[in-house]
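> Sharing a model prediction with you, sequence too.
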Amino acid sequence: MSLDSTLKSRLAAVVTSRSLLNGRRRLHELRRRIRNADHDVHYFHDTADPYSSLTAQILQRFQDRFDIRLRPHLISGPPLDAIPDPLAHGHNAQKDAMRVAQQLGLQVPQIPDRQAVTRANGLLAACLGAKDFSVRLRKISAALWSGGPLPSGESVTPTQVMARGDQTLAKLGHYLGATFYYGGEWYWGTDRLHYLEHRLQQLGLGADGASILPPPDLPMNLQKAPQKELEFFFSFRSPYSYLAFDRVQRLARRHGAKLSLRPVLPMLMRGLPVPRVKSRYILRDCAREARRLGIPFGRICDPLGTGVERGYALFDYADSQGRLAAYCSTFMRSVWSAGVDAATDKGLSRIVAESGLDWRVAQPLLSNTDWRDRVETNQNRLQDIGLWGVPSFRVGGESVWGQDRLWAVSNLLRD
């Protein structure tokens, strides 16, 4: 490993460490006390976003539960560079939000009329500073996403209000709606609210107890699905793919389903944009998800470019030995938790050996480019099913996206 890779790996370990996280939190609390400031929780609402329709349903409960000052913002939606395919993203977000709502017992959102969204923005902009904003938001959002008539009330042109919300969102360092911000950390929608609740409970701002929306768990007894295929799209450069990989294998085994591994190129190597603000959030989010799941993470040696290409060049060899899953698992664990540099022979030979393969056989295969056909086929397949990011899954004609959606994959395997 080069000196540069070593330094970057150690820096990543510090950036994603629990000790640095706790230090940042203590510093934030110290500064807040010096200013004698309230515990401000910022909430960013995108009226046209189905995930925001879910947070609107629980925002009042969250506000009532904790001794905080909620500071709501109205935004206009994510910037284009953060969403490579807006149409596909909107379609999948709608489908996913419907699944989440059913799983959590919330109102299932139905796609609203654009004119109704504009009217709802006007109503929300007018009451943004009201003490009962959460109550009004719930009523307006419930009507909007059920197709019912919007409540009557004062309405204003929302353009400037939404522009200020967009500016605040960008200044604080995020790009999505349905997000909460507290003390330098971001919490996305119903999926990550439990982390914020736990943090506020640790500060003594609310009684200990179960989260309003705990992460969905897999059922204890999984129905066998021996005739079903589970397609798993992943990339070596995706930390979320790493968090999902071994768990997906276990899930497939427990269901008795056929697992088909479909590696694709990282988004940057496919020419898709990944803004820095997005990369920064993903890294920190993966770190806390890894801690919760008990998965080693943090000593990172980014395989982007040469590391990925060398790693993918050995797919056929690993597959021929019946070790493809073991090889992929070892590769991702090595680069995301052990700081192994796959761009070097020293690093990749270690990965190969730990996968149960022979480096003397593998090394001459690194110039092989046949893997590109396999990867291109998978990328075309991913696009055909309406997705672009990883980890993604396909079961019985239905697509699922995200390492935190294995419960949805399990539901599809059982149905």
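Good, I have the coordinates.
> if you skip the residues just before and after it, what's nearest to Asp404?
Excluding the flanking residues, the one nearest Asp404 by CB to CB, 6 or more residues apart in numbering is Asp191, at 5.8 Å. Where you see a C-beta, it was placed from the backbone N, CA and C, and this is true even at glycine.
> so what's that neighbour up against?
Applying CB atoms under 8 Å, 6 or more residues apart in numbering to Asp191 gives the contacts Val100, Pro215, Asp404.
> May I have the phi/psi pair for the last one?
Its backbone dihedrals place Asp404 at phi -90, psi 20, with angles given as degrees, to the nearest 10.
> surely it meets Cys286?
No. Shown here, Asp404 and Cys286 do not form a contact pair, counting by CB atoms under 8 Å, at 10.8 Å.
> Who has more neighbours out of the two?
Here Asp404 and Cys286 are compared on neighbour count by other CB atoms under 10 Å; more neighbours surround Cys286, at 22 against 19.
> Put the alpha carbons of the helix or strand of the chain with the lowest mean pLDDT into PDB.
Lowest on mean pLDDT, DSSP states H and E among the helices and strands of the chain sits helix 3-15, with a mean of 83. Extracted C-alpha coordinates of helix 3-15, given in PDB (Å, rounded to 0.1, in the frame of the first residue of the first chain):
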ATOM      1  CA  LEU A   3       1.900   6.100   1.700                       C
ATOM      2  CA  ASP A   4      -1.000   8.100   0.200                       C
ATOM      3  CA  SER A   5      -3.400   5.200   0.500                       C
ATOM      4  CA  THR A   6      -2.200   4.400   4.100                       C
ATOM      5  CA  LEU A   7      -2.800   8.000   5.200                       C
ATOM      6  CA  LYS A   8      -6.200   8.200   3.500                       C
ATOM      7  CA  SER A   9      -7.200   4.900   5.100                       C
ATOM      8  CA  ARG A  10      -6.200   6.100   8.600                       C
ATOM      9  CA  LEU A  11      -7.900   9.400   8.000                       C
ATOM     10  CA  ALA A  12     -11.100   7.600   7.000                       C
ATOM     11  CA  ALA A  13     -10.900   5.500  10.200                       C
ATOM     12  CA  VAL A  14     -10.800   8.600  12.300                       C
ATOM     13  CA  VAL A  15     -13.600  10.400  10.300                       C
END
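> How about it, which residues are buried there?
Neighbour-count burial for helix 3-15, counted by 16 or more other CB atoms under 10 Å, picks out Ser5, Lys8, Ser9, Ala12, Ala13.
> quick one: the third one from Val274, how far?
If you measure Ser9 against Val274 using CB to CB, to the nearest Å, the figure is 20 Å.
> Equivalent analysis for the second one, please.
Note on Lys8: its distance to Val274, by CB to CB, is 17 Å.
> all helices for the stretch 301-415 of the chain, in order.
Taking DSSP state H, counting those that start in this stretch as the test, the helices found in the stretch 301-415 of the chain are 306-312, 315-320, 324-337, 345-354, 359-362, 371-384, 406-414.
> any chance you could read off phi and psi for His42?
Backbone torsions for His42, taken as degrees, to the nearest 10, come to phi -90, psi 140.
> I'd like to know how many residues surround it.
Neighbourhood size, His42 [other CB under 10 Å]: 19.
> need the contact list for it.
Residues near His42 by CB under 8 Å, 6+ apart: Arg71, Pro72, His73, Thr168, Leu172, Phe180, Tyr181, Tyr182.
> Dump those to TSV, plus neighbour count.
Compiled in TSV, those are given as follows (neighbours: other CB atoms under 10 Å):
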residue	neighbour count
Arg71	16
Pro72	20
His73	22
Thr168	16
Leu172	15
Phe180	22
Tyr181	21
Tyr182	20
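> Which members of these occur in strands, if any?
Arg71, Pro72, His73, Phe180, Tyr181, Tyr182 (DSSP state E).
> ok so, going back, nearest to Trp371 among the buried residues of helix 3-15?
Relative to Trp371, the closest of the buried residues of helix 3-15 is Ser5; by CB to CB it sits at 23.1 Å.
> ok, the closest residue in space to that closest one that isn't next to it in sequence to Thr306 distance?
Nearest non-adjacent residue to Ser5, counting by CB to CB, 6+ apart: Asp341, 4.7 Å away. Going from Asp341 to Thr306 by CB to CB gives 10 Å.
> Looking at these two, which one has more neighbours?
Each of Asp341 and Thr306 has its neighbours counted (other CB under 10 Å); Asp341 has more, 25 against 12.
> right, and the more buried one touches Cys301 too?
Yes. Counting by CB under 8 Å, Cys301 is a contact partner of Asp341 at 4.8 Å.
> Spit out the residues that contact those two alike.
Counting by CB under 8 Å, 6+ apart, the contacts common to Asp341 and Cys301 are Met1, Ser5, Gly307, Val335, Gly347.
> Please name the nearest non-neighbouring residue to the last one.
What sits nearest to Gly347 in space, not counting adjacent residues and going by CB to CB, 6+ apart, is Asp341, at 4.0 Å.
> if I look at the residue lying closest to Pro151 once chain neighbours are set aside, how far off is Phe44?
Leaving out its chain neighbours, the residue that sits closest to Pro151 by CB to CB, 6+ apart is Lys139, at 5.4 Å. Distance, Lys139 to Phe44, using CB to CB: 19 Å.
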